[in-house]
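> with the input below, show me the fold.
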Amino acid sequence: MWIVYILRCGDGTLYTGVTNNLPRRLAAHRSGKGAKYTRGRGPLALAYQERVPDRSAALRREREIKGLSRAEKEALIAGQRQNRTPAGKREENPAEEMAACPCQTVKFEI
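Numbers count the residues shown, from 1 in each chain. Just a heads-up that it's a prediction; the model follows:
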């Protein structure tokens with residue numbers, strides 16, 4: 001089991017990472033042996049965590065979270081997944097899919 005997590009740094013910034021041992025990784029961050037980004041930005045607080053089945057899924061989800069805006073990350077932390085399924089995938093929007101489709105639209109009248 002892998003975990004994607006978000007830390008809230010002392011300067012108010014957010015750091016997103018992945019691990020298969022959250023207590024060990026948090027200890028590494030807090031001791032200055034974690035990511036360079038978190039060094040000197042303490043105190044660090046765990047703001048969010050999400051379990052995923054494997055490393056590959058964790059890295060994909062980490063990349064997805066890093067692509068979110070600050071407001072979207074704050075909403076995720078607050079538990080408001082804004083158009084996301086529990087598995088972390090974006091919900092499908094048929095209107096968006098149709099707009100992106102290069103095919104012709106045919107209207108039927110009944």
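
> residues contacting residue 13?
residue 41 (C-beta atoms under 8 Å, 6 or more residues apart in numbering). C-betas here are computed from N, CA, C, even on glycine.

> confidence score at it?
pLDDT recorded at residue 13 is 96.

> distance of it from residue 19?
For residue 13, the distance to residue 19 equals 19 Å [C-beta to C-beta, to the nearest Å].

> in stretch 15-24, which residues are buried?
By neighbour count with 16 or more other C-beta atoms under 10 Å, stretch 15-24 contains the buried residues 15-19, 22.

> for it, measure first residue to last.
16 Å (C-alpha to C-alpha, to the nearest Å).

> so which of the buried residues of stretch 15-24 are in strands?
Among the buried residues of stretch 15-24, the ones falling in strands (DSSP state E) are 15-19.

> need the residues you listed in CSV with distance to residue 2, can you?
Compiled in CSV, those are given as follows (distance: C-beta to C-beta, whole Å):
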residue, distance to residue 2
15, 17
16, 13
17, 11
18, 6
19, 7
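
> list just the nearest of those to residue 40.
Among these, residue 15 lies closest to residue 40 (C-beta to C-beta), at 12.3 Å.

> look up which residues are beta-bridged to the closest one.
residue 7 (DSSP bridges).

> so who does it touch?
So residue 15 contacts 6-7, 9, 35, 37-38, 41, 44 (C-beta under 8 Å, 6+ apart).

> hmm, 6 Å instead?
Counting by C-beta atoms under 6 Å, 6 or more residues apart in numbering, residue 15 touches 7, 37-38.
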